[in-house]
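Engineer: mind looking at a prediction? Sequence and model below.
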Amino acid sequence: MAKPKVAVIVGSLRKGSFNRQLARTVEKLAGDALEFVHADIGDLPLYNQDDDADFPAASVRFKQVVESVDALLFVTPEYSRSVPGVLKNAIDIGTRPAGKNSFAGKRAAVIGTSPGAHGTVSAQQHLRNVLSAVGLAVLPQPEVAIQHKEGLFDDGGELVDERTRKFLQTFLQKFVDWLA
């Protein structure tokens, strides 16, 4: 396979999102090993089966991005011990209309950061179940559920914690090897 093309889906809409910072860090650390595109979910309407006959333009664009890549990188916070609603909505859109699942047969990885004591462990467990159900093969290890603490990123959004940087490099090498 040529350099794998990976769609990054960030499960937070917040401008200063810790997970958006994490996604940018992973993209930088990957160097030339992966090509990244962004599958933005902020403009997606709520999924409504009544729209299946005339799928909304934003939903069509999202599905086209997903279909154009070799793999996906889900970067999710944890909300109420689960996946943010906007992320689940995007996954539902990607699998519709019935018979047109844009995710089927692709590979994915899941990472995330949240301030809670367990990072994003619960959200990732739920997300992995959903992704498996929609036909994605998910990288099993390493699990990247980072507890976000003050000083993990500097004011410019750059990762400053060396231990986390090394862990992300290990994750990336496993992901790249798995995609090959």
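Structural biologist: Right, received. Where do you want to start?

Engineer: and the longest helix for the chain?
Structural biologist: In the chain, with assignment by DSSP state H, the single longest helix is helix 162-179.

Engineer: what mean pLDDT does that helix have?
Structural biologist: Mean per-residue pLDDT for helix 162-179: 96.

Engineer: that helix packs against which elements?
Structural biologist: Under the contact criterion of 3 or more Cβ pairs under 8 Å, 6 or more residues apart in numbering; DSSP states H and E, helix 162-179 touches helix 18-30, strand 107-114, strand 144-147. To be clear about C-beta, it is placed using only N, CA and C from the backbone, and glycine gets the same treatment.

Engineer: okay, buried residues for that helix please.
Structural biologist: Neighbour-count burial for helix 162-179, counted by 16 or more other Cβ atoms under 10 Å, picks out 164, 168, 171-172, 174-175, 179.

Engineer: likewise stretch 19-36?
Structural biologist: So for stretch 19-36, counting by 16+ other Cβ under 10 Å, buried means 19-27, 29-30, 33-34, 36.

Engineer: stretch 48-64 now?
Structural biologist: In stretch 48-64, counting by 16+ other Cβ under 10 Å, buried: 55-56, 59, 62-63.

Engineer: give me the mean pLDDT for that stretch.
Structural biologist: In this model, stretch 48-64 has a mean pLDDT of 97.

Engineer: can I get the CA coordinates of it in PDB?
Structural biologist: In PDB, the C-alpha atoms belonging to stretch 48-64 read as follows (Å, rounded to 0.1, in the frame of the first residue of the first chain):
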ATOM      1  CA  ASN A  48     -33.100  11.700  10.400                       C
ATOM      2  CA  GLN A  49     -34.200   8.700   8.300                       C
ATOM      3  CA  ASP A  50     -36.800  11.000   6.600                       C
ATOM      4  CA  ASP A  51     -33.800  12.600   4.800                       C
ATOM      5  CA  ASP A  52     -32.500   9.300   3.300                       C
ATOM      6  CA  ALA A  53     -34.100  10.000   0.000                       C
ATOM      7  CA  ASP A  54     -32.500  13.400  -0.300                       C
ATOM      8  CA  PHE A  55     -29.400  13.200   1.900                       C
ATOM      9  CA  PRO A  56     -28.200  16.600   3.200                       C
ATOM     10  CA  ALA A  57     -25.200  18.100   1.400                       C
ATOM     11  CA  ALA A  58     -23.000  18.200   4.600                       C
ATOM     12  CA  SER A  59     -23.700  14.500   5.200                       C
ATOM     13  CA  VAL A  60     -22.800  13.600   1.600                       C
ATOM     14  CA  ARG A  61     -19.500  15.500   1.900                       C
ATOM     15  CA  PHE A  62     -18.700  13.700   5.200                       C
ATOM     16  CA  LYS A  63     -19.400  10.300   3.600                       C
ATOM     17  CA  GLN A  64     -17.300  11.200   0.600                       C
END
